[in-house]
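[1] Using only what follows, build the 3D model:
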Amino acid sequence: MTTLHGAPADLVWHKSSYSDGEGAECAETAADAAAVHVRDSKDPGRPHLTFPRGQWTAFLTATSRL
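    Coordinates of the predicted model:
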């Protein structure tokens, strides 16, 4: 199940390698033992999405085929 909530303080966020670093709109991800978290880089203080690792892996697998 995907949930929407505030970020745990100990997450280390990473911007997409496709971000140009000049204020571009992109997503950031952070992973912990159980899940992958995704947030909007423009507004990191807002709630973010949390995906169980299995769901995130399935998403990446499906999108890599496009």
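
[2] Assign the residue most central in space within the chain to helix, strand or coil.
    In the chain, the C-alpha nearest the mean C-alpha coordinate belongs to residue 38, at 2.0 Å (C-alpha atoms, centre = their mean). For residue 38, the secondary structure call by DSSP: H, G, I helix; E, B strand; the rest coil comes out as strand.

[3] in the sheet, who's paired with it?
    Beta bridges link residue 38 to residue 29, residue 49, judged by DSSP bridges.

[4] Pretty sure it sits against residue 29.
    Yes. Residue 38 is in contact with residue 29 according to C-beta atoms under 8 Å; the separation is 5.4 Å. All C-beta spots, glycine's among them, are computed from the backbone N, C-alpha and C.

[5] For this structure, give me the ranges with low pLDDT.
    Within the chain, the segments meeting pLDDT under 70 span 1-9, 19-24.

[6] again, only using 80
    1-9, 16-25, 66 (pLDDT under 80).

[7] tell me which residues of stretch 26-43 are tucked away?
    27-30, 35-39 (16 or more other C-beta atoms under 10 Å).

[8] gap between the two ends of it?
    End-to-end span of stretch 26-43 (C-alpha to C-alpha, to the nearest Å): 10 Å.

[9] who are the neighbours in contact with the residue nearest to the centre of the chain?
    Listed by C-beta atoms under 8 Å, 6 or more residues apart in numbering, the contact set of residue 38 reads 27-29, 48-51.

[10] got it, and residue 14?
    Neighbours of residue 14 in contact, by C-beta under 8 Å, 6+ apart: 28-30.
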